[in-house]
Structures are given as structure tokens and as C-alpha cells.
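Engineer: dropping the sequence and predicted coords here.
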Amino acid sequence: MFLKKKYLLLYIANIILFLTLIIALIPLVWLIQSSFKSTDEIMKVPPSFIFEPSLENYRTILDNGIVDNLKNTIIIAGFSTLISLLIGIPAAYSLSRLKPKGYKIISLVILGLRFIPLVALTFPLFIIFANSGLVDTEFGLIIAYQIICLPLSIWLTKGFFDKIPPSVEEAARIDGCSDMQIFWHINLPIAKGPIIAVTLLVLIAAWNNLFIANVLARGNVKPLTVGMQQFLQSEFEGVQYGAISAWGTVTTIPIITIALIFNKYLIKAFANS
């Protein structure tokens, strides 16, 4: 009786997960499908699921600079992620293991940065960057993105370092290892999977950011999220839903592909968190 009840609950849970997956995929499928439709086809009520696909929307976004915007996004999101990890991983290890003076206050400040509205930080940053010549530059955006990337990197990585048993490090110290050797040769290899997961989450946060980029980069270094806005209100055509769908598809597919490639690390990281 117990086994039957267990299998019934498992069956119900699988059905719920399957339905959740379907619901989550509907917007993505709709987006990709709309990217091959004309605006008139997109606006049809009820919507048509059988239609003649067209590449016109993709030609439109190619003519409107999506290649340059994609290049900007790769550079800005990539270096933002790299810098946040180079600073965040040692900082997380220090807070977790070395516990410097005032580390609890430091931890709360880092966590608190995630709750401060971006508008409260971005506009003062704009004034500073305007006086420093960093507005509308890739370097300026990479620095500004640390507002969201660095706290995320430090806080998540610290949580994983906290779960490494201290006995592992104590055994290494008995063998004569220094703190740096323990960090480099023991903790980093143990936390490899979680660090890859954190890298992916930080990359997604940087890749999808709109608000900071919209304030600090509206010229030559526009990322994909900012570039898409040119189709929201055209002087002659109004909102170009097909071009927006094609642009959104190009923006979404790379990050989804990366997430699928490294999904096993995400699963392991969150299963052990």
C-alpha cells in the first residue's frame, strides 16, 4: 500500500513537472515562431500555427546592426562575468574561511547591494562616468555591471565554500599546506561544479541586463537588450513585432544553449545548496 501511494505521488509530481515545462516553453516557442511571421500574421486573432515562414524579420535586424550589438553583448557580458569571478571567488573564500575583521558586516553589505533598486545606484554612477568619460564605453559598462555581478558572484560562491568540510583543510594544514595552497589546490577543485554554475548565473544576469545599459550606453556600444528598443516605435511602421521577435530569438538562443550545455552543473549545485 505504501509503495502504491509512493508511486502515485511520483506519477503526479512528474505530470506537474511536465505541465510546468510546457507552460515555461510556450513563450519561447511563440517568440521563435513569431520571428518567421509578418506583423499582420502575428496580429491575427485567433493566431495561426500553420503559415508560410519568412526570413524578412532576420534581414531587417541584420540591416539594423544586430551583429554589432551581439558583439558588444559578448564582450561586455563576458568580461563582466570574468572580472566578477576573479574578484568574487577569492572574496567569497576569505569571508567563508579566513573571516577577516568585520566579515559579518561586509557580508550583509554585499547581500544588501542586491536589494538596492538599480535606479538608486545607476544615476549617481552616470554622473561619475560622465565626468570620467566612461559613458557609452565598453569598459564603463563592464565596471557598472559589477553592481549586479559581483554581489551575486560573492554571495553564491561563499555559500558553496561554507559547505566544504573544515576537516579537509585541517588535513591539508597538517601536511604543511598554506592557506593559498589549500584555496588553489583543494577548495577550487572541490567547488569546480558550483563555480561553473555561478559563472552561468552571473553571465545570464549580465547578458540580460537592460536598465544599466539603457542609461550608460545608447550609442556605439549598445548591447542586444538596448538595441531591440529601436523597433518598439518606428516613425512610419509603429511597433515591429516581427523584428522584435527575431531580435529576441537571437538574444535568447545563445544563453539558452550555454545553459543546456552546462545544466548538469546547475542541477548539482542547487541539489547540494
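Structural biologist: Structure's in. What do you need?

Engineer: where are the low-confidence patches of the stretch 1-150 of the chain?
Structural biologist: 1-6 (pLDDT under 70).

Engineer: residue boundaries of the helices in it?
Structural biologist: Ranges of helices in the stretch 1-150 of the chain, per DSSP state H, counting those that start in this stretch, are 2-34, 39-42, 56-63, 66-93, 103-113, 118-132, 138-144, 146-162.

Engineer: any residues touching the fifth one, and which ones?
Structural biologist: By that I understand helix 103-113. 94-95, 100, 147, 151, 154-155, 158 (CB atoms under 8 Å, 6 or more residues apart in numbering). For every residue, glycine as well, the C-beta is placed using N, CA and C.

Engineer: most neighbours of all the residues you listed, which one?
Structural biologist: Most neighbours among the contacts of helix 103-113, by other CB atoms under 10 Å: residue 154, with 28 neighbours.

Engineer: run through the residues that contact that one.
Structural biologist: With contacts defined as CB under 8 Å, 6+ apart, the neighbours of residue 154 are 87-88, 91-92, 95, 110.

Engineer: look up how far residue 148 lies from residue 191.
Structural biologist: 22 Å (CB to CB, to the nearest Å).

Engineer: my bad, residue 83
Structural biologist: From residue 83 to residue 148 the distance is 12 Å (CB to CB).

Engineer: wait, doesn't residue 81 sit right on residue 199?
Structural biologist: Yes. The pair residue 81 / residue 199 is scored as a contact, 6.2 Å apart, by CB atoms under 8 Å.

Engineer: quick one, what contacts the most centrally placed residue in the chain?
Structural biologist: The residue lying closest to the centre of the chain (CA atoms, centre = their mean) is residue 204, at 1.2 Å. Neighbouring residues of residue 204 by CB under 8 Å, 6+ apart: 255, 259.

Engineer: residue 126 too?
Structural biologist: 135, 215-216.

Engineer: more neighbours: residue 83 and residue 148, which one.
Structural biologist: Applying other CB under 10 Å to residue 83 and residue 148 shows that residue 148 carries more neighbours, namely 22 against 17.

Engineer: which one is that one nearest to, not counting chain neighbours?
Structural biologist: Nearest in space to residue 148, with sequence neighbours left out and distances taken as CB to CB, 6 or more residues apart in numbering, is residue 205 at 5.3 Å.

Engineer: let's see the pLDDT reported for that neighbour.
Structural biologist: According to the prediction, residue 205 has pLDDT 90.

Engineer: the helices of the stretch 1-150 of the chain: which one's closest to residue 223?
Structural biologist: Go through these one by one with CB to CB and the one that ends up closest to residue 223 is helix 66-93, at 4.2 Å.

Engineer: quick one: the closest one to chain centroid distance?
Structural biologist: The chain centroid and the centroid of helix 66-93 are separated by 10 Å, computed with CA atoms, centre = their mean, to the nearest Å.

Engineer: and it, what other elements does it pack with?
Structural biologist: In terms of contacts (3 or more CB pairs under 8 Å, 6 or more residues apart in numbering; DSSP states H and E), helix 66-93 is packed against helix 138-144, helix 146-162, helix 192-207, helix 224-227, helix 241-261.
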